[in-house]
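> Just the structure for this:
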Amino acid sequence: MIVLAASKVVLMSSLSIIFYQDIKYRAVWWFLFPAFLVSAGYLYFLNSPVEIMLVNFGINLLVLSLILSISFLYARFKMKVLFFKEAFGIGDLFFFLGLTVAFPTLSFIVILVFCLIFSLILHLFLADNSQQTVPLAGYASFFLILVYLSSWFVFYIKLYNN
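This is a model prediction of the structure:
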(Lines give C-alpha, C1' and ligand atoms only; values in the text may rest on other atoms or scores of the structure.)
Protein backbone atom coordinates (compact mmCIF):
# COMPACT_ATOMS: atom_id res chain seq x y z
CA MET A 1 0.00 0.00 0.00
CA ILE A 2 2.79 2.43 0.89
CA VAL A 3 4.78 1.46 -2.21
CA LEU A 4 1.70 1.99 -4.39
CA ALA A 5 1.07 5.43 -2.90
CA ALA A 6 4.76 6.33 -3.22
CA SER A 7 4.84 5.29 -6.87
CA LYS A 8 1.76 7.41 -7.57
CA VAL A 9 3.40 10.39 -5.85
CA VAL A 10 6.62 9.87 -7.84
CA LEU A 11 4.60 9.53 -11.05
CA MET A 12 2.55 12.68 -10.48
CA SER A 13 5.59 14.64 -9.31
CA SER A 14 7.74 13.64 -12.28
CA LEU A 15 4.95 14.38 -14.77
CA SER A 16 4.25 17.74 -13.13
CA ILE A 17 7.91 18.78 -13.19
CA ILE A 18 8.31 17.59 -16.79
CA PHE A 19 5.29 19.70 -17.71
CA TYR A 20 6.59 22.79 -15.92
CA GLN A 21 10.18 22.56 -17.13
CA ASP A 22 9.31 21.78 -20.73
CA ILE A 23 6.85 24.68 -20.92
CA LYS A 24 9.11 27.16 -19.11
CA TYR A 25 12.63 26.19 -20.24
CA ARG A 26 12.21 23.73 -23.15
CA ALA A 27 14.60 21.49 -21.21
CA VAL A 28 13.87 18.82 -18.61
CA TRP A 29 16.07 17.24 -15.94
CA TRP A 30 17.18 13.87 -17.29
CA PHE A 31 16.32 11.82 -14.17
CA LEU A 32 12.62 12.69 -14.46
CA PHE A 33 12.23 10.40 -17.47
CA PRO A 34 13.49 7.26 -15.65
CA ALA A 35 11.35 8.25 -12.64
CA PHE A 36 8.32 8.42 -14.93
CA LEU A 37 9.25 5.14 -16.64
CA VAL A 38 9.77 3.21 -13.40
CA SER A 39 6.73 4.55 -11.55
CA ALA A 40 4.33 4.20 -14.50
CA GLY A 41 5.78 0.79 -15.37
CA TYR A 42 5.37 -0.34 -11.77
CA LEU A 43 1.69 0.64 -11.77
CA TYR A 44 1.20 -1.38 -14.94
CA PHE A 45 3.20 -4.27 -13.45
CA LEU A 46 0.82 -4.40 -10.47
CA ASN A 47 -2.15 -4.83 -12.82
CA SER A 48 -0.80 -7.29 -15.38
CA PRO A 49 1.15 -10.55 -15.60
CA VAL A 50 4.82 -10.05 -16.48
CA GLU A 51 4.58 -12.07 -19.70
CA ILE A 52 1.74 -9.96 -21.05
CA MET A 53 3.49 -6.78 -19.95
CA LEU A 54 6.66 -7.75 -21.83
CA VAL A 55 4.75 -8.65 -25.00
CA ASN A 56 2.86 -5.35 -24.85
CA PHE A 57 6.11 -3.47 -24.29
CA GLY A 58 7.59 -5.07 -27.42
CA ILE A 59 4.54 -4.24 -29.52
CA ASN A 60 4.44 -0.68 -28.13
CA LEU A 61 8.11 -0.26 -28.97
CA LEU A 62 7.45 -1.42 -32.54
CA VAL A 63 4.54 1.00 -32.91
CA LEU A 64 6.64 3.87 -31.56
CA SER A 65 9.57 2.90 -33.80
CA LEU A 66 7.30 2.91 -36.85
CA ILE A 67 5.91 6.35 -35.99
CA LEU A 68 9.37 7.76 -35.32
CA SER A 69 10.76 6.24 -38.53
CA ILE A 70 8.02 7.84 -40.60
CA SER A 71 8.56 11.13 -38.77
CA PHE A 72 12.31 10.91 -39.37
CA LEU A 73 11.83 10.31 -43.09
CA TYR A 74 9.35 13.16 -43.34
CA ALA A 75 11.69 15.54 -41.51
CA ARG A 76 14.68 14.45 -43.57
CA PHE A 77 13.21 14.43 -47.07
CA LYS A 78 10.15 16.69 -46.97
CA MET A 79 11.10 19.29 -44.38
CA LYS A 80 14.85 18.96 -45.05
CA VAL A 81 15.80 19.38 -41.38
CA LEU A 82 17.76 17.32 -38.88
CA PHE A 83 15.27 15.17 -36.99
CA PHE A 84 16.61 15.42 -33.42
CA LYS A 85 17.82 18.97 -33.82
CA GLU A 86 14.84 20.74 -35.35
CA ALA A 87 11.87 18.37 -35.64
CA PHE A 88 11.76 16.22 -32.51
CA GLY A 89 13.44 16.56 -29.11
CA ILE A 90 15.45 13.95 -27.28
CA GLY A 91 13.29 14.59 -24.22
CA ASP A 92 10.21 13.79 -26.28
CA LEU A 93 11.82 10.50 -27.29
CA PHE A 94 12.62 9.61 -23.68
CA PHE A 95 9.09 10.53 -22.65
CA PHE A 96 7.50 8.32 -25.30
CA LEU A 97 9.86 5.47 -24.44
CA GLY A 98 8.57 5.75 -20.88
CA LEU A 99 5.05 5.66 -22.22
CA THR A 100 5.72 2.32 -23.96
CA VAL A 101 6.26 0.68 -20.55
CA ALA A 102 3.27 2.32 -18.91
CA PHE A 103 0.31 0.76 -20.73
CA PRO A 104 -0.91 -2.27 -22.65
CA THR A 105 -0.88 -1.88 -26.42
CA LEU A 106 -4.48 -0.79 -26.97
CA SER A 107 -4.33 1.77 -24.17
CA PHE A 108 -0.90 2.89 -25.41
CA ILE A 109 -2.14 3.57 -28.93
CA VAL A 110 -5.27 5.39 -27.75
CA ILE A 111 -3.33 7.47 -25.22
CA LEU A 112 -0.57 8.23 -27.73
CA VAL A 113 -3.02 9.42 -30.39
CA PHE A 114 -5.07 11.54 -28.00
CA CYS A 115 -1.90 12.82 -26.37
CA LEU A 116 -0.68 14.13 -29.71
CA ILE A 117 -4.07 15.64 -30.58
CA PHE A 118 -4.29 17.24 -27.13
CA SER A 119 -0.77 18.65 -27.51
CA LEU A 120 -1.58 20.12 -30.91
CA ILE A 121 -4.80 21.76 -29.73
CA LEU A 122 -3.20 23.06 -26.54
CA HIS A 123 -0.27 24.49 -28.46
CA LEU A 124 -2.53 26.18 -30.99
CA PHE A 125 -4.46 27.91 -28.21
CA LEU A 126 -1.64 28.69 -25.76
CA ALA A 127 1.41 29.44 -27.89
CA ASP A 128 2.18 32.82 -29.27
CA ASN A 129 3.32 33.19 -32.86
CA SER A 130 6.99 33.59 -31.90
CA GLN A 131 7.29 30.00 -30.61
CA GLN A 132 8.86 27.71 -33.17
CA THR A 133 8.95 24.54 -31.06
CA VAL A 134 6.25 22.55 -29.33
CA PRO A 135 6.89 21.39 -25.75
CA LEU A 136 5.53 17.96 -26.62
CA ALA A 137 6.74 16.11 -23.51
CA GLY A 138 5.29 18.87 -21.35
CA TYR A 139 1.89 18.86 -22.99
CA ALA A 140 1.87 15.05 -23.02
CA SER A 141 2.74 15.03 -19.31
CA PHE A 142 -0.19 17.30 -18.58
CA PHE A 143 -2.47 15.02 -20.59
CA LEU A 144 -1.23 11.96 -18.66
CA ILE A 145 -1.77 13.74 -15.36
CA LEU A 146 -5.40 14.27 -16.41
CA VAL A 147 -5.73 10.63 -17.54
CA TYR A 148 -4.28 9.19 -14.34
CA LEU A 149 -6.19 11.49 -12.01
CA SER A 150 -9.47 10.85 -13.81
CA SER A 151 -8.90 7.10 -13.67
CA TRP A 152 -8.08 7.23 -9.95
CA PHE A 153 -10.66 9.71 -8.70
CA VAL A 154 -13.31 10.76 -11.22
CA PHE A 155 -14.14 7.97 -13.66
CA TYR A 156 -13.47 4.29 -13.48
CA ILE A 157 -11.26 3.98 -16.53
CA LYS A 158 -9.61 0.63 -17.07
CA LEU A 159 -6.14 1.64 -18.22
CA TYR A 160 -4.62 -1.81 -17.90
CA ASN A 161 -7.10 -4.14 -19.61
CA ASN A 162 -5.32 -6.58 -21.88
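> Below-threshold pLDDT in the protein: ranges please.
For the chain, the stretches flagged by pLDDT under 70 are 129-130, 162.
> all helices of it, in order?
2-25, 32-46, 50-73, 90-102, 105-126, 136-149 (DSSP state H).
> how much does the second one deviate in direction from helix 50-73?
Using axes from the mean of the first three to the mean of the last three C-alpha atoms, to 10 degrees, one finds that helix 32-46 and helix 50-73 are set 140 degrees apart in direction.
> I'd like to know which elements helix 32-46 is packed against.
helix 2-25, helix 90-102 (3 or more C-beta pairs under 8 Å, 6 or more residues apart in numbering; DSSP states H and E). All C-beta atoms are positioned from the backbone trio N, CA, C, and that covers glycine.
> just those: most buried one?
A comparison of those by mean neighbour count, using mean count of other C-beta atoms under 10 Å, puts helix 90-102 on top with a mean of 21.
> For the helices of the chain, could you give me a markdown table that also reports distance to Leu159?
Output for the helices of the chain, formatted as a markdown table (distance: least, C-beta to C-beta, whole Å):
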| stretch | distance to Leu159 |
| --- | --- |
| helix 2-25 | 12 |
| helix 32-46 | 8 |
| helix 50-73 | 12 |
| helix 90-102 | 9 |
| helix 105-126 | 5 |
| helix 136-149 | 7 |
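> I'd like to know which of those is closest to Phe83.
helix 50-73 (4.7 Å; C-beta to C-beta).
> circling back to that earlier point, tell me which of the helices of the chain lies nearest to Leu82.
Among the helices of the chain, helix 50-73 comes nearest to Leu82, with 9.9 Å by C-beta to C-beta.
> ok and the closest one relative to helix 105-126, angle-wise?
With the same axes, to 10 degrees applied, the angle from helix 50-73 to helix 105-126 works out at 40 degrees.
> quick one: helix 50-73 to chain centroid distance?
Centre-to-centre, helix 50-73 and its host chain are 13 Å apart (C-alpha atoms, centre = their mean, to the nearest Å).
> can you list contacts of that helix?
With C-beta atoms under 8 Å, 6 or more residues apart in numbering as the contact definition, helix 50-73 has outside contacts at 44-45, 48, 83, 87-88, 93, 96-97, 99-101, 103-105, 108-109, 112, 162.
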